[in-house]
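Below is the structure, and that's it, no one-letter string:
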C-alpha cells in the first residue's frame, strides 16, 4: 500500500478500526487465481487474529492458499469537493479527492471445521453486533437443533495476523481552514462518521 507519511495510521487508529468495524473482504491467492469473500469478523486482539466464517459451499476455504491471505478492512470514506476548501475561494488551485480509512491485514489463514469453535465464534459475533440494539437477539433464542444445522453449514476461518498496512487519508495535508470546510461539508451531507474521522485525525496546531 502506498502510504505517504502524513497519511500513516497509528496503532491506536488501526486497533480501533479492527475492534469496532464489522466486516472485511478476505482475499486469497490460489492455484485457481484470486478468490474473495466479504464476511463479518471479530478481532481477537489478544491472539492477534481476525475470526470469521464462510459458507461450507464456498470454494475459498477448500482451495490451497499461495502465501499470505489478505483481509481488507475499510473505515469511513467520502468524496471531498474542492468547494469545501477555503483555499479554493482564495486561489482556485484545488481538485476533488477521496477521504478514507483502510487497513490491509495480512496473515496465515487457518480453517476451523469444528462445531464447538464455530459456536463460540457466532456467539462472539452476535454479542458484538447486537450490542447496540434495545432488544438483543441471542443464539439461544433459536432452537438448539436449528443452530446445530446452521453451524454444520459454515466453516470457521482465522487470519493469524503477520503484518498490517494502514492508511488514514483524512485531509491531514490541508490547512486548518480547509479542514474546517471539509468537516462542515461532510456534516451537512450526513457523512457523520467521515466528519468524525477527519476531526480525530486533525493535526495539532
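Okay, I see it. Since the model is a prediction, treat every value here as computed from it, not as a measurement.

From now on I want contacts and neighbour counts done on CA atoms only, so please keep to that.
Fine.

is it true that residue 124 lies in a helix?
Yes. Residue 124 forms part of a helix when assessed by DSSP: H, G, I helix; E, B strand; the rest coil.

ok, how many other residues are close to it?
16 (other Cα atoms under 10 Å).

need the contact list for it.
Contacts of residue 124 were listed using Cα atoms under 8 Å, 6 or more residues apart in numbering, and they are residue 42.

Setting aside sequence neighbours, what's the nearest residue to the residue nearest in space to the middle of the chain?
What sits nearest the mean C-alpha location of the chain, by Cα atoms, centre = their mean, is residue 73, with 2.7 Å. Excluding its sequence neighbours, the residue lying closest to residue 73 (Cα to Cα, 6 or more residues apart in numbering) is residue 24, at 4.8 Å.

Return the per-residue confidence for that neighbour.
At residue 24, the pLDDT value in this model is 97.

repeat for residue 92
pLDDT, residue 92: 82.

who does the strand or helix carrying residue 16 touch, helix- and strand-wise?
Remark: residue 16 resides in helix 11-20, with elements defined by DSSP states H and E. Using 3 or more Cα pairs under 8 Å, 6 or more residues apart in numbering; DSSP states H and E as the contact test, the elements touching helix 11-20 are strand 42-44, strand 69-80.

Try it again at 7 Å.
Using 3 or more Cα pairs under 7 Å, 6 or more residues apart in numbering; DSSP states H and E as the contact test, no helix or strand touches helix 11-20.

From the contact counts, what lies against the lowest-mean-pLDDT helix or strand in the chain?
Least confident element among the helices and strands of the chain, by mean pLDDT, DSSP states H and E: helix 86-91 (a mean of 88). Other elements packing on helix 86-91 under the criterion 3+ Cα pairs under 7 Å, 6+ apart are helix 176-188.
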